[in-house]
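*Asks:* Here is a sequence with its predicted model. Questions after.
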Amino acid sequence: MTLARLLAETGAGLPVANNQAAVGLCQSSGTRPELKRVTLLHAIASISQGVLISGPDRLILSANKAFENMSGYSEAELLGRNCALLQGPQTSPKTLKELRMALHAEEPFYGELLNYRKDGAIFWNELSINPVFDRGGALTHYVGIQRDVTERKLHQTQLKLAAQVFAQGHEGIMVMDEQRAIVMVNQAFTDISGYTQAEVLGKTNRMLSSGRQSDSFYRAKWQAIDTTGSWQGEVWHRRKDGAEYLEWLTISAMVDDQGCVCNYIGTFSDISEQLAARERITWLSHFDVLTHLPNRALFMDRLGLEIKRAQRTGLTVAVLLLDIDHFKEINDALGHDQGDRLLVAAAQRVRNVVRDMDTVARLGGDEFAVIVSDLQDLQPVKTIAQNILDALVAPFELEASSGYVSASVGIALYPSDASDIETLLKSADQAMYAAKASGRNCYSFFTPELQDHAQNRLWLTNELRSALTNDQFWLAYQPIVNLKTGEVRKAEALIRWQHPVRGLISPADFIPVAESSGLIVEIGEWVFRTAATQVAHLCKTHAADFQLSVNKSPAQFHRQTAKSETWDQHLERHGISCHSIVVEITEGLLLEASQRVDDQLRSLREAGIQVSLDDFGTGYSSLAYLQKHDIDYVKIDQSFVRNLCCGSKEMTLCEAIIAMAHKLGIQVIAEGIETTEQLELLRAAGCDYGQGYLFARPMSALAFDNFLAQSGADSPHGVST
């Protein structure tokens, strides 16, 4: 039914609640009913609010144009359908209950519903429903006046959200008027600054100023706001209690409809902790945590600056690299915490004996560096180096006891020793190792010979890596003669390196390089396995009790290896008697022996592999070491044998060594016998075995086989002595 037909059938007129224009028209006296109907029709059709008229059964009878636009349905699509057609599922149950109760009681209803449009979109509908009764009081219609309030609801939601953000946000917020006076602050503002809203109203935010930043800073800030509409940056402010803090502040200008500034909004957060963390990170990137000295990065930066200055002034810069001698012993014996304590004290001592203008840095571990600049001669550097040595040699008071160390100092000069930082440090490092080689607790200047030596070591290291793979090593064998019988049932296996370009390279040249690089472990395993194969052959062809001595470097005891079996396991697996191998070690190994070394030596002895102490008398000989480690042989170093003659000090020493060893049940081997006189003196002193050029030089395996065969044929006792 259309709106016009509805009005024609209703007779005296149609009161419409909440539509004052329509109600007024209906109540006008003196107006003809026909005129009232037409006027009311136009009024309802033209109003901006949606009008929906339904019967008592809630079936739609008519809708105006505004309702069609709001709902998306045409009047024709709505006629005869239930008003619940538009009802959305998100309307609150309370509102729906109130609606049902009003309709049931035939009373007016007002409320807000979430309804559906024809296209499925949801909108907020402000709805007013009024019942219409005839002259007899019977319900004839419902008239619904409806308005889309989606934008208003969204605005309300946004305002509510903004209020919550303002009140509950973690950032401080202050609202200022166009004169920059504070008109409102939030709780976070109070929490950060300590000031309540009442204490800051009408004042400018300059009341928070710490005084750290100048007036020109604030003028530039407001000039940026006036020019661009906003500014942000770091500002130092002062809390109510006087404490200063750093904040990140953003100020934005708000304009009205005419484009004039009406307010300024300032938001800020306390970034003091971030600043502290940032400063801590910066400090950590430049300083050593333990000693608080400059670290390697800052040292390199300062060295670069000093070199640039030296280029301008023509003066010299010295770099001193120093390494604490025997520091590992402190760590091992007393623990790393005491080692750290010593490092802190050592750093302070070095700092105390250099000039204020000099840089002292910790490069890592127990290595320190000093930059001494503006040198016209070398005397200041020598004085500083000696002062460092003197300072570090004094005892360190540690928790449990006193600690004693020394230092090795290497010195390189710019520009005479190097033209760049990298080469300068490398030269100082080479000089430091030269100081260590000179006995430690001394300083050494860089020389070109050190560079040549370093280059040679580098070449040897690189070539050693491929020597095993390319089968460049071989073993030479030197007989060890029984001085009583002349028999040869012992020999020492000695490694030789036949380089394809340089020819035969002395073990004295490559063994130290192999030890320092760690390659000695792999090389030593090859020596043992090759010697084991050879001794098995010698036991079959010469004597069943034949023994080969194999040198084992301290590095082989200290370093872990990837091998799957021990030496005794290897011998047993190949059916070789463990008695066939004698392990030769140095006195230095016993001096610095750890539990790991002790366990390995004990394991060798328990397996039946004998132990020989090489170069006896040249190191730190001690009866305690001989007793503790159950040594089978001691070898008198050839330096004592070389000048051996009747009545000499060397003769006295040899006699003492032989007598002492025999008292301990240890047999003695004399190395380096080259003359008959030396042989006779040693034999007279009771020496058990001899080794040297008098008997034979080291020889290849084939030559050694021939030597044994020849010596056995010439003498019933072996080598003629």
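*Replies:* Ah, there it is.
*Asks:* The closest residue to Cys260 other than its chain neighbours: what's it in contact with?
*Replies:* Among residues not flanking Cys260 along the chain, Glu178 sits closest, at 7.6 Å (CB to CB, 6 or more residues apart in numbering). Placement of C-beta: from N, CA and C, glycine included. Counting by CB atoms under 8 Å, 6 or more residues apart in numbering, Glu178 touches 260-264.
*Asks:* Which entries within the residues you listed meet the buried criterion?
*Replies:* For these, a burial check counting by 16 or more other CB atoms under 10 Å picks out 261, 263-264.
*Asks:* Please tabulate those in TSV and include pLDDT as additional columns.
*Replies:* TSV is the format used below for the buried ones among the contacts of Glu178 (pLDDT from 0 to 100):
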residue	pLDDT
Val261	88
Asn263	89
Tyr264	91
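*Asks:* Between these, which sits nearest Gly144?
*Replies:* Relative to Gly144, the closest of the buried ones among the contacts of Glu178 is Asn263; by CB to CB it sits at 41.9 Å.
*Asks:* If we ignore the residues flanking it in sequence, what's nearest that closest one?
*Replies:* Asn263's closest residue in space is Met254 (CB to CB, 6+ apart), at 4.3 Å.
*Asks:* Where does that neighbour fall, secondary structure wise?
*Replies:* Using DSSP states H and E, Met254 sits in strand 244-255.
*Asks:* what's the answer for Gln311, then?
*Replies:* helix 296-313.
*Asks:* Heading C-terminal from that helix, find the next helix or strand.
*Replies:* Counting by DSSP H and E, what follows helix 296-313 is strand 316-325.
*Asks:* Pairing partners for that next one, with directions?
*Replies:* Counting by DSSP bridges, the strands paired with strand 316-325 are strand 367-375 (antiparallel), strand 406-414 (antiparallel).
*Asks:* dump the residue contacts of Tyr693.
*Replies:* With CB under 8 Å, 6+ apart, Tyr693 has these contacts: 672-674.
*Asks:* Give me the buried positions along the helix holding Gln311.
*Replies:* Of all the residues in helix 296-313, those buried under the rule 16+ other CB under 10 Å are 296, 298-300, 302-303, 306-307, 310.
*Asks:* Can you lay out these as CSV showing pLDDT?
*Replies:* What follows is those, written out as CSV (pLDDT from 0 to 100):
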residue, pLDDT
Arg296, 94
Leu298, 94
Phe299, 95
Met300, 95
Arg302, 95
Leu303, 95
Glu306, 95
Ile307, 94
Ala310, 93
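*Asks:* Would you mind measuring from Ala224 to Gln232?
*Replies:* The gap separating Ala224 from Gln232 is 9 Å, by CB to CB, to the nearest Å.
*Asks:* quick one: average confidence on the helix or strand harbouring Arg605?
*Replies:* Here Arg605, judged by DSSP H and E, is contained in helix 595-607. For helix 595-607, the per-residue pLDDT values average out at 83.
*Asks:* buried residues in that helix?
*Replies:* 597, 600-601, 604-605, 607.
*Asks:* Can you give the distance of the helix ranked longest in the chain from its chain's centre?
*Replies:* Assignment by DSSP state H gives helix 520-541 as the longest helix of the chain. Here the centre of helix 520-541 is set off from its chain's centre by 45 Å, with CA atoms, centre = their mean, to the nearest Å.
*Asks:* Identify all contacting residues around stretch 644-658.
*Replies:* Residues contacting stretch 644-658 (CB under 8 Å, 6+ apart): 616-617, 634, 636, 640-643, 668, 670, 677-678, 681-682, 685-687.
*Asks:* Let's see that with 7 Å instead.
*Replies:* 616-617, 634, 636, 640, 643, 668, 677-678, 681-682, 685-687 (CB atoms under 7 Å, 6 or more residues apart in numbering).
*Asks:* next one: stretch 229-238
*Replies:* Applying CB under 7 Å, 6+ apart, the contact partners of stretch 229-238 are 208-210, 212-213, 221, 224-225, 244-253.
*Asks:* can you rerun that using 6 Å?
*Replies:* Applying CB atoms under 6 Å, 6 or more residues apart in numbering, the contact partners of stretch 229-238 are 208, 210, 212, 221, 224-225, 244, 246-247, 249-253.
*Asks:* so how far is stretch 93-109 off the chain centroid?
*Replies:* The chain centre lies 69 Å from the centre of stretch 93-109; the measure is CA atoms, centre = their mean.
*Asks:* quick one: low-confidence ranges for the chain?
*Replies:* 1-46, 159, 161-169, 560-564, 588, 590-594, 617-628, 712-721 (pLDDT under 70).
*Asks:* Which strand or helix spans the closest residue to Tyr264 other than its chain neighbours?
*Replies:* Excluding the flanking residues, the one nearest Tyr264 by CB to CB, 6+ apart is Met176, at 4.2 Å. Taking DSSP H and E as the criterion, Met176 maps to strand 172-177.
*Asks:* who does that strand touch, helix- and strand-wise?
*Replies:* Applying 3 or more CB pairs under 6 Å, 6 or more residues apart in numbering; DSSP states H and E, one finds that strand 172-177 makes contact with strand 182-185, helix 187-193, strand 261-270.
*Asks:* Ok, which of those comes nearest Leu201?
*Replies:* strand 182-185 (6.0 Å).
*Asks:* for the contacts of Glu178, which one is nearest Ala346?
*Replies:* Checking the contacts of Glu178 against Ala346 with CB to CB, the nearest one is Tyr264 at 58.5 Å.
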